[in-house]
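Asks: let's see this in three dimensions:
(chains A and B)
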Amino acid sequence: GQQVQQSPASLVLQEGENAELQCNFSSTATQLQWFYQSPGGSLVSLLSNPSGTKHTGRLTSTTVTKERRSSLHISSSQTTDSGTYLCAPDMGYKLTFGTGTSLLVDP
Amino acid sequence: DMKVTQMPRYLIKRMGENVLLECGQDMSHETMYWYRQDPGLGLQLIYISYDVDSNSEGDIPKGYRVSRKKREHFSLILDSAKTNQTSVYFCASSLYKNSGNTLYFGEGSRLIVV
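Replies: Prediction:
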C-alpha cells in the first residue's frame, strides 16, 4: 500500500521565519493534498496540487508527481500557524495520510 | 454553512459495551468517511460511504460497522468495544469520491475504552 513520509517530524521557528515541509510517497498519486490540524483539533484542507506549483496566501505547494514528492513552503510564519501539517497522496478513491510535521512558531 | 458535526465529542466506555458515533453534514455531499487517528500512525481509513446504503471497507474495518440511511448522516458502530479501539475518530465528507475533491472534517470524537 501507499507509504507516506513527512519531514521534519517537528520544527520550531521564530515568528517571521519561513518553513519548508517535505512529503515523500511510495506509489503513484493523482493529487497531493495538504491539511492543517490545529492542536487537539480538526483538519482543514489547505491545498490540493496534482503537479507543479500552487499558491494560496503565504503557502506554496510544489509537487513533482513522477518523483513522488511534494513540499509546502510557509512564508513569514505567524504564531497562529502552529499546529500539525499533514500531506495525503490522493489515489483517486482515497487519501493516505502521513503522520505530519508539528510546527511551533514562537513569538 | 459547510459543516461536519460529530457527536459525541468525548466518550468513555467499558470494554464490551457498544459504541455509536454519529456524523452529520449540511452540504449534501455524496461521499463520507470515517478515520481514526492514533499517535505515530496518522489517520487510518475505516470506512467510506459513496451514498445512502453504499458503503465500502477502508484499510482497517475490522471491529467496526457503519450505517448510512440518509445522505447527511453517517454512523460508526463498535459492537463490543475493545481497549485497542481507544482513539480519536474523525468523520469527513466530500462532494464526490473523485480525485481532488476537498475533504471537510468534523471536530473529532475522542473515545476511551477501559
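
Asks: flag every residue of chain B that's near chain A.
Replies: For chain B, the residues in contact with chain A (Cβ under 8 Å from any Cβ of the partner chain) are B:35, B:40-45, B:48, B:58-59, B:90, B:92, B:97-100, B:102-108. The way it works is simple: take the backbone N, C-alpha and C, and place the C-beta from them, glycine included.

Asks: any of those residues buried? List them.
Replies: For the residues of chain B next to chain A, a burial check counting by 16 or more other Cβ atoms under 10 Å in any protein chain shown picks out B:35, B:42-45, B:48, B:58, B:90, B:92, B:97, B:99, B:103-108.

Asks: grab the most central residue of chain B for me.
Replies: The centroid of chain B falls nearest to residue B:34 when counting by Cα atoms, centre = their mean (2.7 Å).

Asks: that residue sits in which helix or strand?
Replies: Following DSSP states H and E, one finds residue B:34 within strand B:31-38.

Asks: mind listing the helices for chain B?
Replies: In chain B, no helices are found when defined by DSSP state H.

Asks: got the angle between whichever strand in chain B runs longest and strand B:31-38?
Replies: Using DSSP state E, we find that the single longest strand of chain B is strand B:42-51. Relative orientation of strand B:42-51 versus strand B:31-38 (axes from the mean of the first three to the mean of the last three Cα atoms, to 10 degrees): 160 degrees.

Asks: what does chain A have sitting close to chain B?
Replies: Near chain B, when you scan chain A using Cβ under 8 Å from any Cβ, you find A:1, A:4, A:30-31, A:33, A:35, A:41-45, A:48, A:50, A:86, A:90-100.

Asks: quick one, strands of chain B?
Replies: Under the criterion DSSP E, chain B contains strands at B:4-7, B:10-13, B:19-25, B:31-38, B:42-51, B:54-57, B:65-70, B:73-78, B:87-94, B:104-105, B:109-113.

Asks: need the CA coordinates for the third one. PDB is fine.
Replies: Only the C-alpha atoms of strand B:19-25 are listed here, as PDB (Å, rounded to 0.1, in the frame of the first residue of the first chain):
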ATOM      1  CA  VAL B  19     -20.500   2.500  20.900                       C
ATOM      2  CA  LEU B  20     -22.300   4.700  18.400                       C
ATOM      3  CA  LEU B  21     -20.500   7.700  16.900                       C
ATOM      4  CA  GLU B  22     -22.600   9.900  14.700                       C
ATOM      5  CA  CYS B  23     -21.700  12.300  12.000                       C
ATOM      6  CA  GLY B  24     -23.800  14.800  10.100                       C
ATOM      7  CA  GLN B  25     -23.100  17.200   7.200                       C
END
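
Asks: the residues of chain A next to chain B in helices, which ones?
Replies: Among those, no member falls in helices (DSSP H).

Asks: just the buried residues from these, in PyMOL please.
Replies: Per 16+ other Cβ under 10 Å, the buried members of these correspond to this PyMOL selection:
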select buried, chain A and resi 4+31+33+35+42+43+45+48+86+90+91+94+95+96+97+98+99+100
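
Asks: next step: the residues of chain A next to chain B restricted to strands.
Replies: Reading strands off those with DSSP E, I get A:4, A:31, A:33, A:35, A:43-45, A:48, A:86, A:90.

Asks: and which of the residues you listed is nearest to residue B:7?
Replies: Set against residue B:7, the nearest of those by Cβ to Cβ is residue A:43 (18.0 Å).

Asks: what's near enough to touch the closest one?
Replies: Neighbour list for residue A:43: A:35-37, A:86, B:43, B:90, B:92, B:103, B:105 [criterion: Cβ atoms under 8 Å, 6 or more residues apart in numbering or on different chains].
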